[in-house]
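Q: Okay, sequence plus prediction incoming.
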Amino acid sequence: MFNLLKSLSDTYTWPVAARIPANGGKLTSIQFEAEFCRLDADAVETIRTKYINTINNRVKNTPIEDEFGDKELVTEVLYGIKAKDDSGKLTDVPEDIKANLLAVNGVYKTITNAFFVSINGEKAKN
């Protein structure tokens with residue numbers, strides 16, 4: 001057990017499948033690996049609290065002083081994005097493609113959901 005804890009990297013990858021609108025009223029799935037920063041329990045709790053407070057304030061229609069929605073959460077925890085290249089090897093996605101992906105409606109929410117699944121100890125769905 002101690003060897004495992006010593007060998008943990010500062011980041012880890014988690015599968016994400018973003019569904020985006022396509023022609024003809026269909027959805028296309030884009031699959032990639034989100035590379036998240038490995039945070040300690042205190043940092044995770046701070047992020048979770050800020051996120052939940054933002055959601056609760058939106059529901060109550062209360063002004064939000066420090067917005068911490070999906071975009072802010074992803075900006076804080078996402079280290080990078082990896083995807084399979086033409087040869088099937090997992091590689092870093094170039095910054096311009098990453099920016100285009102993040103600009104698609106719903107992708108921030110999908111990455112947020114993947115982050116919460118990863119820290120809650122749930123198994124990734126294939």
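A: Received it, and whenever you're ready, just let me know what you need. Residues are numbered from 1 along each chain as shown.
Q: Please count neighbours and contacts with C-alpha atoms only from this point.
A: Will do.
Q: can you give me the strands in this structure?
A: For the chain, the strands defined by DSSP state E occupy 11-22, 26-37, 78-84, 90-92.
Q: what does the last one rub up against?
A: Which is strand 90-92. 80, 81, 82, 83, 84, 85 (Cα atoms under 8 Å, 6 or more residues apart in numbering).
Q: got a list of what the first one touches?
A: Same thing as residue 80. With contact set as Cα under 8 Å, 6+ apart, residue 80 has these partners: 34, 35, 36, 92, 93.
Q: Quick check: the two most widely separated of those residues?
A: Taking Cα to Cα, the two most distant members of the contacts of residue 80 are 36 and 93; they sit 14.1 Å apart.
Q: These two: who's more crowded?
A: Ranked by neighbour count (other Cα atoms under 10 Å), residue 36 and residue 93 place residue 36 first, with 22 against 18.
Q: Just give me the neighbour total for the closest residue in space to that one that isn't next to it in sequence.
A: Leaving aside its chain neighbours, residue 36 sits nearest to residue 78 (4.7 Å; criterion: Cα to Cα, 6 or more residues apart in numbering). A count of neighbours around residue 78, defined by other Cα under 10 Å, yields 19.
Q: so what's residue 78 up against?
A: By Cα under 8 Å, 6+ apart, the residues touching residue 78 are 34, 35, 36, 37.
Q: May I ask you to name the longest helix in the chain?
A: Longest among the helix segments of the chain by residue count, using DSSP state H, is helix 41-59.
Q: what does that helix rub up against?
A: 63, 64, 66, 67, 68, 69, 70, 73.
Q: Report the two of these separated the most.
A: 63 and 73 (18.8 Å).
Q: Look at these two and report which has more neighbours.
A: Remark: of residue 63 and residue 73, residue 73 carries more neighbours, 20 against 10, as counted by other Cα under 10 Å.
Q: residues touching the more buried one, list them.
A: Neighbouring residues of residue 73 by Cα under 8 Å, 6+ apart: 47, 51, 112.
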